[in-house]
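Chemist: predicted model follows, preceded by the sequence.
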Protein chains: 2
Amino acid sequence: MKKISMAEIARKCGVSKATVSRALADDPRVKPETKAYIKEVASRYNYRPHAVASNLARGRSKTIGMMLPAAPRTIADPFFLEYLNGVSTVLFEHGYSMLLPQVSPNDVQETITSLSAQGRVDGVVLTEPRLDDPRIEFLKNSRIPFVFLGSTNAPDVSWVDGDNIGGAYSAVQELYRLGHRRIAIITGEEGLVSTANRCRGYEHAMADLGLAVDPDLVWHGDFTREGAYRVVRERLMADGGMNATAIFASNDLMAIGAIQALHEAGLRVPEDVSVIGFDGVEVGKYLTPPLTTVQQPIHELGRQVAYTLLGLLEEGKRCRQITLPVRLVNPGNTAGRNMRK
Amino acid sequence: MKKISMAEIARKCGVSKATVSRALADDPRVKPETKAYIKEVASRYNYRPHAVASNLARGRSKTIGMMLPAAPRTIADPFFLEYLNGVSTVLFEHGYSMLLPQVSPNDVQETITSLSAQGRVDGVVLTEPRLDDPRIEFLKNSRIPFVFLGSTNAPDVSWVDGDNIGGAYSAVQELYRLGHRRIAIITGEEGLVSTANRCRGYEHAMADLGLAVDPDLVWHGDFTREGAYRVVRERLMADGGMNATAIFASNDLMAIGAIQALHEAGLRVPEDVSVIGFDGVEVGKYLTPPLTTVQQPIHELGRQVAYTLLGLLEEGKRCRQITLPVRLVNPGNTAGRNMRK
DNA sequence: CTGAAAGCGCTAACAA
DNA sequence: TTGTTAGCGCTTTCAG
């Protein structure tokens, strides 16, 4: 199975390379019959234009860089697999490859510089913008198109996000509806926009419900299961025991960690304590009963991120921001009526 | 931040492009001082050779195709995230990008054909070889280097795998040691080599322990949680109830599904029934208590797959097969002494 | 509507 | 040790 080049196809068709190139690109300037003939011959020889050569000639790489959080987080959080899947599906359909640098946040600049200097990537996808994220200024200067998974209020930046504020808000509403009044939040990693927004949703809901936001109900987590496990344990062992009857965890992994800590302390979920997570990852379903959570359309988030970047890349579109709706799933499972007085 | 080309660096250094190219590639034929000077200038201008051009000139793409199982499986099984991580880490270190086609098994040939015809990939990584896998013959003919995650007995094929037989064997041994005599296996997807090997390990162990392999103890699963859940439910509802006191599930997802079914039937794990999984995925730790399982070095499997492919690609090495050791973790958690008579 | 020719930026014989 | 000279395979003006 020898590789056949465009020059050969041209010769076989008795036309020039230029015409073949145009025909295959569906250029309207080629006479329909010629075009049909060329396509016929090309497919007969199973010919496909050489991607690398084509990219060089057009000054692009058809590759995008996917920056994911550093290894331990990525590996542990199933969120990223579903997300990655969504992004890569769309990219592949459009002929793009991807690079998974997986760098620590500190080396991001160095990584991006080298990737774009080398012409290795046409665009970059990032996750988890921080409040006043230094990467943004840097990316803008480097003139490389980029999209964030996660909103930011920096101007002229494209992003795609789930409705963090609304989701957190409705989780708290649900817990209130079930009779809970002492509702705690386990926050996400400090400094991230998503962490801040989920907190805001929580605070808004509490305020609207006429509940004071007791600082003692704000427990600091970091989006990891271990972190949530620890903080809940500490609270359980504090003087007077835990002061909440319900917990809103800022992601599913933390909800799982919280439930583990509660179980170990002999508390039942949801009979003794209610727990609601955020994300709706597949593994939430592996619990018995399946986790009550605010589900994000994870795969779709990935797809939209890809579409947004392609829009920037191929259609020269201006930046866009999208917020996708979220919804509470499995109500009544790990969140139930308040049984404690 | 304008892009600077090799020609410009050459001009600034007062040498030819060829010399710059050699210097940057650490060619020993360049005089040390010249080389040092060129490198100094290059780094001053933050210059990096243009990857696409370089690839064209060398007739390669520096991209590899990663064939993962079709979407639902991939998304649900955290095994693949860890695996992907391992592969991509190594590939990235070596300057490779990757393509995630995610095709259904039927289109594999078409996909590979077009990818290699287009010169888009230099090599391919595949998972889950089947018994008499038709892809193998095809890949050999297409002359594209490839590596499987999972062993096959087809000759001259590179693969990397965990010790399926040994792992299954030791799981059964452990259950026996705990006093179990009626040990069931939930098998994996039919037709896969890994499924067959885990069965073999089970059968060997049973035979060595002097236990008959009752066909009634072989429950057919498909590596999904849902499948295992269903088969266990069926067994529980069969006349005379379940006939086993212990279950070896061919992967962790199925162990989780089995445990869910058992719980729903009011059975406790491990007090009433023992369960051991296979893989050692991160989510096993999310259960209370963490799943007893045969742990594969998942990340390392990915790394070795990548190294093997790079060996084929860059060093023209001959094919190689590697089996990595596995080990039982969290003994005593979901597998315990036989309490039923 | 089609062809000739000039690159895209780098690598690798082959010379010197 | 370095330079010269062809390409790699495709795209794209610019003529015709």
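Modeler: The structure has been received and is ready for your questions. Since the structure is predicted, the reported quantities are computational estimates derived from the model, not experimental observations.

Chemist: which SS class is the nearest residue to A:Val108 once chain neighbours are set aside?
Modeler: Among residues not flanking A:Val108 along the chain, A:Arg135 sits closest, at 5.6 Å (Cβ to Cβ, 6 or more residues apart in numbering or on different chains). All C-beta atoms are positioned from the backbone trio N, CA, C, and that covers glycine. Recorded secondary structure, A:Arg135: helix (DSSP: H, G, I helix; E, B strand; the rest coil).

Chemist: ranges for the helices of the stretch 101-250 of chain A?
Modeler: Assigned by DSSP state H, counting those that start in this stretch, the helices in the stretch 101-250 of chain A fall at A:108-117, A:134-142, A:164-177, A:193-208, A:225-237.

Chemist: could you single out the most deeply buried of those helices?
Modeler: Sort those by mean neighbour count, taking mean count of other Cβ atoms under 10 Å in any protein chain shown, and helix A:164-177 sits at the top with a mean of 22.

Chemist: return the residues of chain A in contact with DNA strand C.
Modeler: Within chain A, the positions adjacent to DNA strand C are A:14-19, A:22, A:28-32, A:34-35, A:53, A:56-57, A:59 by Cβ under 7 Å from any atom of the strand.

Chemist: can you tell if stretch A:225-241 touches chain B?
Modeler: Yes: residues of stretch A:225-241 contacting chain B under Cβ under 8 Å from any Cβ of the partner chain: A:Arg225.

Chemist: name the residues that touch that stretch?
Modeler: With contact meaning Cβ atoms under 8 Å, 6 or more residues apart in numbering or on different chains, stretch A:225-241 is reached by A:76, A:184, A:186, A:219-221, A:242-244, A:247, A:249, A:253-258, A:260-262, A:264-265, A:267, B:285-286.

Chemist: separate out the buried members of these.
Modeler: A:76, A:184, A:186, A:219, A:221, A:242, A:244, A:247, A:249, A:253-258, A:260-262, A:265, A:267, B:285-286 (16 or more other Cβ atoms under 10 Å in any protein chain shown).

Chemist: now, those that are in strands?
Modeler: Among the buried ones among the contacts of stretch A:225-241, the residues falling in strands (DSSP state E) are A:184, A:186, A:219, A:247, A:249.

Chemist: residues contacting whichever residue of the stretch 151-300 of chain A sits closest to DNA strand D?
Modeler: In the stretch 151-300 of chain A, the residue that lies nearest DNA strand D is A:Ser158 (24.6 Å; Cβ to the nearest atom of the strand). Listed by Cβ under 8 Å, 6+ apart, the contact partners of A:Ser158 are A:146-148, A:308-309, A:312, A:319-321.

Chemist: relative to chain B, which of those residues is nearest.
Modeler: Closest to chain B out of the contacts of A:Ser158 is A:Phe146 (14.6 Å), distances taken as Cβ to the nearest Cβ.

Chemist: what about that closest one, how many neighbours?
Modeler: For A:Phe146, the count of nearby residues is 26 (other Cβ atoms under 10 Å in any protein chain shown).

Chemist: ok, now which ones touch it?
Modeler: A:123-126, A:139, A:157-158, A:309.

Chemist: hang on, A:Leu328 in a helix?
Modeler: No: counting by three-state DSSP, A:Leu328 is not found in a helix; it is strand.

Chemist: confirm for me that it is in contact with A:Gly280.
Modeler: No: counting by Cβ atoms under 8 Å, A:Leu328 stays clear of A:Gly280, with 9.3 Å between them.

Chemist: returning to what we had before: now a PyMOL select for only the buried ones of the contacts of A:Phe146.
Modeler: The following PyMOL line selects those of the contacts of A:Phe146 that are buried, judged by 16+ other Cβ under 10 Å:
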select buried, chain A and resi 123+124+125+126+139+157+158+309
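
Chemist: near chain B, which residues of the stretch 151-300 of chain A?
Modeler: Residues of the stretch 151-300 of chain A lying close to chain B (Cβ under 8 Å from any Cβ) are A:225, A:253, A:256, A:259-260, A:263-264, A:282-283, A:285-288, A:299.

Chemist: repeat that for 7 Å
Modeler: In this structure, the stretch 151-300 of chain A approaches chain B at residues A:225, A:256, A:260, A:263, A:282-283, A:286, A:288, judged by Cβ under 7 Å from any Cβ of the partner chain.

Chemist: just flag the most distant two among those.
Modeler: A:His263 and A:Glu282 (21.2 Å; Cβ to Cβ).

Chemist: between the two, which one's more packed in?
Modeler: Counting neighbours by other Cβ under 10 Å for A:His263 and for A:Glu282 shows that A:Glu282 has the greater number, 21 against 13.

Chemist: now the closest residue to DNA strand C within the stretch 51-200 of chain A: phi and psi?
Modeler: The minimum distance from the stretch 51-200 of chain A to DNA strand C, using Cβ to the nearest atom of the strand, falls at A:Ala57 (3.7 Å). Here is the backbone geometry of A:Ala57 (degrees, to the nearest 10): phi -60, psi -30.

Chemist: what of A:Asp279?
Modeler: According to degrees, to the nearest 10, A:Asp279 has phi 130, psi -50.

Chemist: which residues of the stretch 1-150 of chain A score low on pLDDT?
Modeler: Across the stretch 1-150 of chain A, the ranges flagged by pLDDT under 70 are A:1-2, A:71-72, A:75-76, A:104-105.

Chemist: mind redoing it with 80?
Modeler: Scanning the stretch 1-150 of chain A for pLDDT under 80 picks out A:1-3, A:70-77, A:102-109, A:113-114, A:116-118.

Chemist: residues from it in reach of DNA strand D?
Modeler: A:3, A:5-7, A:17-18, A:21-22, A:24-25, A:49-50, A:53-54, A:56-58.

Chemist: what's the burial count for the residue of the stretch 51-200 of chain A closest to DNA strand C?
Modeler: Other residues lying near A:Ala57 total 12 when counted by other Cβ under 10 Å.

Chemist: and if you look at the one 3 residues further on?
Modeler: When neighbours are counted by other Cβ under 10 Å, A:Arg60 registers 16.
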